[in-house]
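Asks: Could you work out the structure for the sequence below:
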Amino acid sequence: MLVLGLDPGLALTGWALIDGGGGRLVLRDAGVWSTSSDQDQGLRLLSLWESFGELVARQRPEVVSLERLYFSRNVSTAMAVSQARGVLVCAAAQAGIELHEYTPNEVKQAVTGSGSAPKQQVAKLVRLLLGDGVPLHPDDISDACAVGICHQNAAGLRRALAAGSPS
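Replies: Modelled structure (predicted):
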């Protein structure tokens with residue numbers, strides 16, 4: 001299964017294509033979509049929409065895995081991230097791609113075994129799981145990888161439970 005993991009943001013949105021076929025996780029591709037604060041907000045959101053559409057058309061992920069917004073003390077940052085998330089959710093729906101959302105604690109738990117793991121530990125374990133091909137900077141890329149890993153783990157668990165459940 002090819003999962004598109006997303007770490008949404010208005011300035012930078014991290015994305016990672018995590019392939020879970022063959023019983024192991026492989027990073028197929030990753031990067032960031034960036035928008036300039038010099039642009040009108042509507043144009044920034046449109047750019048995010050278009051970037052998502054181009055990647056989906058080229059790579060054809062089966063599932064989108066998105067980090068849920070957590071409450072932030074900085075209201076303006078939370079609003080911008082919410083708007084970026086909304087664009088990505090809508091773009092996934094328009095593309096007909098299944099969407100799953102995970103909290104930051106669920107993502108950390110899936111990657112490190114601890115929902116309170118620091119960001120550096122998550123990044124280190126992402127590199128251990130996917131190899132040295134994971135870019136170190138910006139953090140948004142390893143965060144997107146972690147979201148994709150989280151879904152791959154959750155989907156594997158769901159499949160195992162379904163296979164073992166009585167009919």
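
Asks: Every contact and neighbour count from this point should use C-alpha atoms.
Replies: Will do.

Asks: Tell me which other helices or strands the helix or strand hosting Val122 touches.
Replies: If you go by DSSP states H and E, Val122 is part of helix 119-130. When contacts are defined as 3 or more CA pairs under 8 Å, 6 or more residues apart in numbering; DSSP states H and E, helix 119-130 packs onto helix 104-112, helix 139-164.

Asks: If we use 10 Å, what do you get?
Replies: Applying 3 or more CA pairs under 10 Å, 6 or more residues apart in numbering; DSSP states H and E, one finds that helix 119-130 contacts strand 26-34, helix 104-112, helix 139-164.

Asks: Report the distance from the longest one to the chain centre.
Replies: By that I understand helix 139-164. 10 Å (CA atoms, centre = their mean, to the nearest Å).

Asks: do the same with stretch 61-78
Replies: Centroid separation for stretch 61-78 versus its chain: 9 Å, with CA atoms, centre = their mean.

Asks: Return the helix or strand in the chain with minimum mean pLDDT.
Replies: Ranking every helix and strand in the chain by mean pLDDT, DSSP states H and E puts helix 139-164 at the bottom, with a mean of 86.

Asks: Check which residues of that helix are buried.
Replies: For helix 139-164, a neighbour-count test (16 or more other CA atoms under 10 Å) marks 139-154 as buried.

Asks: Out of the residues you listed, which is nearest to Met79?
Replies: Closest to Met79 out of the buried residues of helix 139-164 is Asp140 (17.9 Å), distances taken as CA to CA.

Asks: gap between that closest one and Gln109?
Replies: Here the distance between Asp140 and Gln109 works out to 18 Å (CA to CA, to the nearest Å).

Asks: Spit out the contact partners of Pro47.
Replies: Not quite, residue 47 is Ser, not Pro. Residues in contact with Ser47 (CA atoms under 10 Å, 6 or more residues apart in numbering) are 10, 33-35, 41, 53.

Asks: Show me where the chain dips below the pLDDT cut-off.
Replies: Within the chain, the ranges that satisfy pLDDT under 70 run 70-73, 157-161, 165-167.

Asks: again, 90 this time
Replies: Applying pLDDT under 90 to the chain flags residues 21-23, 67-81, 132-133, 135-137, 154-167.

Asks: so how far is Pro135 from the closest residue in space to Leu12 that isn't next to it in sequence?
Replies: In this structure, Leu12 finds its nearest non-sequential neighbour in Ser34, 4.5 Å apart by CA to CA, 6 or more residues apart in numbering. Look at Ser34 and Pro135: by CA to CA, they are 16 Å apart.
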